[in-house]
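Could you work out the structure for the sequence below:
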Amino acid sequence: MVYQVAPTPPPGVFRPMLSSLKRIFSDDAQWAATRTTAAFCARALLSVGIALFLAFSFQLQSPMSSVTTVMIVANPTVGALVSKSVWRIIGTIIGATISVGLMAVFVQSPVLYFMGLSVVVGLACMAATFLRLFRAYAAVLTGYTIVIISAPAFDNPDGIFLSAMSRLAAVVVGIVTTAAVFMVTSPRRSDTLFTQIHTLFRDTVSYILAFHQGYSNVPAQNPDALPGSTFRALPSTFHDSRAAMLTRIARLSDAVEYAAADNYDISVRQREIRAGLARLSGIVASYHPHTITPADTEQDRAVHGEIEAMLHTLLDLTKGQSLEAMWTQGCARIQHTRTIMIDEARATHSPRSLLFLDDIQDLLGQIDTALQDLSRRGSAGRKLRLQPYLEWPTALRNAARGALTTLLTTLIWYVLHWTAGPTMMLYVVAAASLLSTLPSASRAAGMMAAGTALGIPAGLLCHIYLLPQIDGYPLLWLSLCIMLLPGVWLQFHPKFGVGGFGYGVFATVMLQVNNPIHYYNDINLFNGWMALFMGCIMLVLSFRVILPPNHRLDAARLVMSLTRSLRRLALSGRRQGKEWLVWENLQLQKVIRLAMRLSFFARPASMHEYIDAALATLSLGRLIERIRTIAGSPDIMGAQQAAIYDALGTFSELAHNPLLTAASLRRAATILCPPDALTLRPAAQVEAMACLEQAARIIEDIPGFLDQRGPLQWAEDYPAAHRPPLAAVRTEVG
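The predicted structure is shown next:
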């Protein structure tokens, strides 16, 4: 007898799996992330089990609606979950009211009802694009609730009120259950967030220090030469580090708003902290290649030494103390340095050094105010009302997508008399509304549809192997956990998060676990799955084929919006609010969106040039604000004041002929303070001259960015679109 030895697997088959497990257990950061994800999954699935049990106990018509609610509102941050839940209830109430009203008005006219439904869904998608964070879920749930309430009432309109009450009950069960589970099992400590703020402030100081240290070895230049940029002295990774800093600040600002929903220590200081973070964003954004740098003179080296010493002092103070404990010492050190800068500015006779010292004084003031906002309650930031930027073209496009998709699906159901038509409508409306909350809806549409489509074979396997085996509620819950776990886990993945969310939310629809449960209606199951698959196709067609994105056009509109804001600021001094920070933060939101749009089509080098130019417009706005303030000084004579306002008046031509505006600014600077009279003029006149010169230089650096005929304003197939990004379109001044 010949014995056969079992074949051994070839070497290396399990090696990738073992190495992956070793990395997870050996890397502390990766292990912590894995534990966080596992804890979130456990809380979410526990909420699913309790919510479904309560829905069955209350004899609700659609118990899985409570599970869908859990999958939508579940969030690892308790404050975000509370905010999400509150706005979801508000949206459900609004949607239920509109649903009953639409059915009452158009009960005899199905086509008019579908048209009205499409308009409401379009408006909901537009509102979801405008609203920040989880306020957008009020708009999302408005359109979604209308369909889910109306669908059972199409055959019996008299039962729509009971359908609305059942839907509202299921949503409330899911929300209350999820909030209770997460609030009981999640630690809520404000010191964690304060530690992140402390770390971010230190990193911002280190960021500024790295910038100034990058100019320590600049070759000697003529101090009276025209201002130039030595940005090349900085490392090549500077653009990436700046983008990472701005992203961190934006995320932390959102986290503060979330935490304020359930944490008293954060809620009483929310406005101050968000204002301080906005000031840090402005500080980070103020460093770009068009920033004035000092000449290599003995005086400027002393200025650099004082700035670096002050920044090192701030780092030393924050190393062992909290911001609340060191802010008085830190602010005193900043004020000391600022006094030195003012004295240096009074003693200098170099326009370039004066420009640099003016910028440094302004920077020190921002750091001082930001430190106070982040450290104590009742600072200047408490009076601020930061406002979100409303991107109307994107909102209108999402509204058209949502309305068109809803109208097409309703007409398909109406014409074909498809029994699963309401399921397709339900998916399309919900997915379109959810996508409208994302920065790039078209990019996420494919991932959302793919995640939903993957739920179809998963639902088939669940119905074949899991659901027929259950004989009680515990096994039903276990089956749901197995079904939903992949989607819940993947929500933390940066690449597959949208797909995992689509899978987790709409897999609950595919299971069709109703009250009572029917396992063997295969025709109804496959009919519903086919409706969801057709809905995925309709979603992708609407967002990527019928109304595709035009990222280049969106970027061009954002650039023109920045130019218009500068023009309004120069001509009338109008800002979006009473404080400068509100205006600056609004423009910075445009720059962040511009960076996202450019990432879809621009080369990295061109993208960096455009973002640097966009950030330069913020510096230009700050100069305009400073010039208007100086123009009211008693030291500015009537003719000089008229020259300043005439120069600001040429900003009306900024989008048509930027070089004309720059030339007017330089003429006004010459009238205020000729180069040979620097030592004879009052300080206000010299400062106004320096600001006008710096504003003119920035415009001369980026004329192609500001011009309405610049390269970005043309379609890709036009030769003009391939000109240098910042080069002047019109070289003549007149």
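
can you point me to the longest helix in the protein?
Across the chain, the longest stretch assigned as helix under DSSP state H is helix 28-57.

Kindly calculate the angle that whichever helix or strand comes after it makes with helix 28-57.
Going down the chain from helix 28-57, the next helix or strand is helix 64-73, by DSSP states H and E. Put simply, helix 64-73 runs at 160 degrees to helix 28-57, going by axes from the mean of the first three to the mean of the last three CA atoms, to 10 degrees.

Show me the helices in the stretch 601-734 of the chain, by range?
For the stretch 601-734 of the chain, the helices defined by DSSP state H, counting those that start in this stretch occupy 604-631, 638-649, 658-672, 683-701, 703-706.

Contacts for the third one, please.
Applying CB atoms under 8 Å, 6 or more residues apart in numbering, the contact partners of helix 658-672 are 636, 639-640, 643-644, 646-647, 650-651, 653-654, 681, 685, 688-689, 692-693, 695-697, 699-700, 702-703, 706-707, 728, 730-734. In this view, the C-beta of every residue, glycine as well, is placed from N, C-alpha and C.

likewise the shortest one?
When contacts are taken as CB under 8 Å, 6+ apart, the neighbours of helix 703-706 outside the stretch itself are 559, 563, 566, 610, 613-614, 617, 654-655, 658-659, 662, 699, 710-712, 723-730.

make it 10 Å
For helix 703-706, the surrounding residues in contact (CB atoms under 10 Å, 6 or more residues apart in numbering) are 559-560, 562-563, 566-567, 609-610, 612-614, 616-617, 620, 654-662, 698-699, 710-713, 723-731.

quick one: low-confidence ranges for the stretch 401-550 of the chain?
Applying pLDDT under 70 to the stretch 401-550 of the chain picks out residues 515-521.

ok, which stretches of it are helices?
Secondary structure of the stretch 401-550 of the chain (DSSP H, counting those that start in this stretch): helices located at 421-435, 441-461, 473-490, 497-511, 522-541.

mind listing what's buried in stretch 191-204?
For stretch 191-204, the buried set under the neighbour-count rule, 16 or more other CB atoms under 10 Å, comprises 193-194, 197-198, 200-204.

In stretch 622-636, which residues are buried?
With burial defined by 16+ other CB under 10 Å, the residues of stretch 622-636 counted as buried are 622-628, 630-631, 636.

mind saving the C-alpha coords of it as CSV?
Listed next in CSV are the C-alpha coordinates belonging to stretch 622-636 (Å, rounded to 0.1, in the frame of the first residue of the first chain):
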residue,chain,number,x,y,z
ARG,A,622,-5.3,92.2,3.5
LEU,A,623,-3.3,94.9,1.8
ILE,A,624,-6.4,96.5,0.4
GLU,A,625,-7.9,96.5,3.9
ARG,A,626,-4.8,98.1,5.3
ILE,A,627,-4.6,100.7,2.6
ARG,A,628,-8.2,101.8,3.2
THR,A,629,-7.5,102.1,6.9
ILE,A,630,-4.3,104.2,6.4
ALA,A,631,-6.2,106.4,3.9
GLY,A,632,-8.2,107.8,6.8
SER,A,633,-5.1,108.8,8.8
PRO,A,634,-4.6,112.6,9.5
ASP,A,635,-1.1,112.3,7.9
ILE,A,636,-2.6,111.5,4.5
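
Averaged pLDDT, it. What do you get?
Mean pLDDT, stretch 622-636: 85.

Please compute how far it lies from its chain's middle.
Offset of stretch 622-636 from its chain centre (CA atoms, centre = their mean, to the nearest Å): 34 Å.

got it, and stretch 699-710?
27 Å.

could you give the mean pLDDT of it?
What stretch 699-710 shows for mean pLDDT is 92.
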